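J.: Just a sequence and a predicted model for now, questions to come.
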Amino acid sequence: MKKLFTLSVLIALIAGVPPTVRAAEAYKDKATQAPKSDNRPKQLPFRGKVGAVDKTAKTITLEGKEKGRTFQITSGTKITKDGKPAVLDDVTVGESVRGFAKENATGKLEAVSLKVGALAGNAKQNEKKSETK
């Protein structure tokens, strides 16, 4: 009986070792691999009032407390004004804008999306306030 018990314990130990060893090897393989780098630059949100629009350089500058931030507008930039498609010519100084930008290879901020005008919720609230007056 004692031999049978010892034999069954040894078989259980031997059967249990390979999965543990394989898991440890897989962990070592993952640890030695270089971390995956995102080739895609991260997008940064922005918002503010337009301080300047340069249509020849295709840039907009947002007003800032100390200095303005300039965003490059490209053919890939998705521009909307009040929820409808728009172009750079539709953007005027003093308007509220928001969107996402990414840093390009030269280090400049490139607008990925640009939404011109007040937030949809704020526009509805402003409408209600003007109706009640």
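T.: Yes, it's here. Numbering: from 1, shown residues only.

J.: Check which helices and strands the helix or strand where residue 112 lies is in contact with.
T.: Using DSSP states H and E, residue 112 sits in strand 109-116. When contacts are defined as 3 or more C-beta pairs under 8 Å, 6 or more residues apart in numbering; DSSP states H and E, strand 109-116 sits against strand 69-72, strand 78-81, strand 96-103. Any C-beta I mention is one placed from the backbone N, CA and C, and that applies to glycine too.

J.: Domain-wise, how is the chain divided?
T.: Per automatic domain parsing, the structural domains of the chain span 1-34, 44-120.

J.: What average pLDDT does the shortest one get?
T.: Per-residue pLDDT values over domain 1-34 give a mean of 66.

J.: now the closest residue to residue 47 other than its chain neighbours, which residues is it bridged with?
T.: Leaving aside its sequence neighbours, residue 47 sits nearest to residue 98 (C-beta to C-beta, 6 or more residues apart in numbering; 3.8 Å). Beta bridges link residue 98 to residue 47, residue 115 when assigned by DSSP bridges.
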